[in-house]
Structure formats: structure tokens, C-alpha cells
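Peer 1: pasted the sequence and its predicted model underneath.
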Amino acid sequence: MEKKTYRLTGFLYLLIIICAGFSQGYIRGSIVVPGDALATANNIVQNEALFRLGLSLDLVAFIMDAIVSVLLYQMFKPFGKTLAMTSAALRLIAHPAIGSLNLLNHFLAYHILGDAEFLTVFDEAQRQSLSLLFMDAHRSGYLIAGGFFGLHCLLLGILIYKSNTIPNIFGGFLIGSAAGYLIETFGNFSLPGYEEYTALIVGIAAAIGELSFTFYLLIKGKKQPYDQETDI
């Protein structure tokens, strides 16, 4: 692959981080109040345009993620076709598949608060509770996707070690990111009550691993041409 393709991959990856980070970190982070259905419902209604924007930004990010999955496969298949295909498949399952489907919960969280006639069978308090339930379901869906994405980062880190185009240090960083995602997913499901700590762990690990890899692709492209191919 040419260096410009590496840089295109880095550019798309950066856009994904910006779109998904703004949607998850700022929009949902400032609107959703955990455990408070009334406050969350009021925030959604008062910031409906912003809440809708969060859904659109996520969808844009997931579409670009499908493209990045293919580009990463093409980038690393000379260093292990099966490994590269498995890594790409895990990324496709994580966000373009699970993440996109999970946006239905985001949509229903504000749709249930609307004034459609069929919603009149629920009183206001019930609709507020259902809205928060959908946001809780969305958070769980995000965690499930994170499990697949963590395994993708692990295999991507291994592929970098096997390659001769990306410095090994970025493979190590991505393996650290993988650990962060897996700790958050399995930790939150298995040991609830430590969500703040696991969020901090994955935030730091992902920032170091994914951002460093992204900027390397965007700025440097690749280290040197490759001349090897393996089926493993």
C-alpha cells in the first residue's frame, strides 16, 4: 500500500475519534444523568437537536469505521492474512454492526418522550423512566461493542509487531488499549460499582494507544515498504 493510503486511514481514524468522542463524551455525558430519569428526560427535551446530533455523529463514525476496517486489513494482510481478517472482522462487528444497531436505543430514548398519539398510553413518569432505560441499554450495548473492539486492538497490536511498516511501540500501546477496553467491558458486567475507575482506565489507555497510532499514520504514513506475505 502507498503511504497516502496509510495517511488516509489515519485521517479517517481521527475523524472517527472526534465524532464518537464528541457524541459519547460530551453529548451523552452532559445530558444523561445516571439514575435520574426526570433530569435525563428534561435534558433530552431541552437539548433535542444536540441529542439528535449525537446519533448522527455516531452513525457517521461507524460508517467510516467500516471503511477503516477494510483499509487496516489491506494494510496488514501481508503480515498475516488470517490474523488481519480476524482483526478487521472484530472491528466490523464492534461498531458498524453492534454500535450501529445500538443507536436504536439512543433514538428511542428521545422518541418515547415525544407527543405521538400511541405514546399517550404511558404517563409522563413512565415515559421518563423508559427513556432512561433506553439510555442504560445503550450504555450496555456500548460495553458489548467494546469487548469486540478490545480484541480487535489486541490483534492489531500483534500485527504491528509482525509488520515492518509501523514501529513496534505503537503495537504495545494498542495492546494497552485492548486491555483497557476489556477491563471496562468485563469489569462493568462482572463487578458493578467500579464504572468510574474502568472508564478512567479505558480513557487513558485508548488515548495513548489509538491517538498515537492515528497520528503516526496521519503524519508519517509508514516506515518502509514491505516485501513479505504470510497466511498466519
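Peer 2: Sure thing, it's come through.
Peer 1: if we go by neighbour counts, what in stretch 120-132 is buried?
Peer 2: 127-132 (16 or more other Cβ atoms under 10 Å). All C-beta spots, glycine's among them, are computed from the backbone N, C-alpha and C.
Peer 1: which two of the residues you listed have the greatest separation?
Peer 2: 127 and 132 (10.0 Å; Cβ to Cβ).
Peer 1: give me the common contacts of these two.
Peer 2: Residues touching both residue 127 and residue 132 (Cβ atoms under 8 Å, 6 or more residues apart in numbering): residue 41.
Peer 1: helices and strands around the lengthiest helix in the chain, which ones?
Peer 2: For the chain, the helix that runs over the most residues, judged by DSSP state H, is helix 124-162. Judged by 3 or more Cβ pairs under 8 Å, 6 or more residues apart in numbering; DSSP states H and E, the packing partners of helix 124-162 are helix 37-46, helix 48-76, helix 81-92, helix 100-111, helix 168-190.
Peer 1: between helix 81-92 and that helix, find me the angle.
Peer 2: 160 degrees (axes from the mean of the first three to the mean of the last three Cα atoms, to 10 degrees).
Peer 1: how about the contacts made by the most centrally placed residue in the chain?
Peer 2: Residue closest to the average C-alpha location in the chain (Cα atoms, centre = their mean): residue 95, at 5.9 Å. The contact partners of residue 95, by Cβ under 8 Å, 6+ apart, come to 61-62, 65, 145, 149.
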